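Q: compute the structure for the input listed below.
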Amino acid sequence: MFSMKFLLYLLIMAGVTYLIRLIPILLVKKQIKNRFLLSFLHYVPYAVLSSMTVPACFMATGHIATGIIGFVAALILAWKNQSLVTVAAGASGAVLIAEIVMMYLI
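A: Coordinates of the predicted model:
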């Protein structure tokens, strides 16, 4: 079912993930009071999520142009304060329509 190689990789990844979370806890014993550092740490999760999500938006479709269309549709819907479900559905719908149009153009 699972190979030994896969289990070894899984254990290594689990260990690295655990260490990444453990090291700051061990090194920082007292509360952080530096305002710059606190504001920097506040935005780290958003930056990491964006750096993983945005490239995937462009590369997940058949053509980069349809990825850009879906991304722009998501930005417009988010700018208009729509819910996350509406933004995702609207972007997916825009990509679907753009893919259908591209299918007939190419």
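
Q: which one is Ala74 nearest to, not counting chain neighbours?
A: Closest residue in space to Ala74, ignoring its immediate chain neighbours: Ala91 at 3.9 Å, by Cβ to Cβ, 6 or more residues apart in numbering. From N, CA and C alone the C-beta is placed, and that goes for glycine too.

Q: okay, now the unreliable bits of this structure?
A: Scanning the chain with the threshold set as pLDDT under 70 gives 1.

Q: which parts of it are helices?
A: 4-27, 35-59, 64-79, 84-105 (DSSP state H).

Q: other SSEs contacting the third one?
A: So the one you mean is helix 64-79. On a contact count with 3 or more Cβ pairs under 8 Å, 6 or more residues apart in numbering; DSSP states H and E, helix 64-79 meets helix 35-59, helix 84-105.

Q: and that helix, C-alpha only, in PDB?
A: Extracted in PDB, the C-alpha atoms of helix 64-79 (Å, rounded to 0.1, in the frame of the first residue of the first chain):
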ATOM      1  CA  ILE A  64      -2.800  31.700 -19.000                       C
ATOM      2  CA  ALA A  65      -5.200  34.100 -20.600                       C
ATOM      3  CA  THR A  66      -8.200  32.300 -19.100                       C
ATOM      4  CA  GLY A  67      -6.400  32.300 -15.700                       C
ATOM      5  CA  ILE A  68      -6.000  36.100 -16.000                       C
ATOM      6  CA  ILE A  69      -9.700  36.400 -16.800                       C
ATOM      7  CA  GLY A  70     -10.600  34.400 -13.700                       C
ATOM      8  CA  PHE A  71      -8.200  36.300 -11.500                       C
ATOM      9  CA  VAL A  72      -9.600  39.700 -12.700                       C
ATOM     10  CA  ALA A  73     -13.200  38.400 -12.200                       C
ATOM     11  CA  ALA A  74     -12.200  37.400  -8.600                       C
ATOM     12  CA  LEU A  75     -10.600  40.800  -8.000                       C
ATOM     13  CA  ILE A  76     -13.700  42.700  -9.200                       C
ATOM     14  CA  LEU A  77     -16.100  40.500  -7.100                       C
ATOM     15  CA  ALA A  78     -13.900  40.800  -4.000                       C
ATOM     16  CA  TRP A  79     -13.600  44.600  -4.600                       C
END
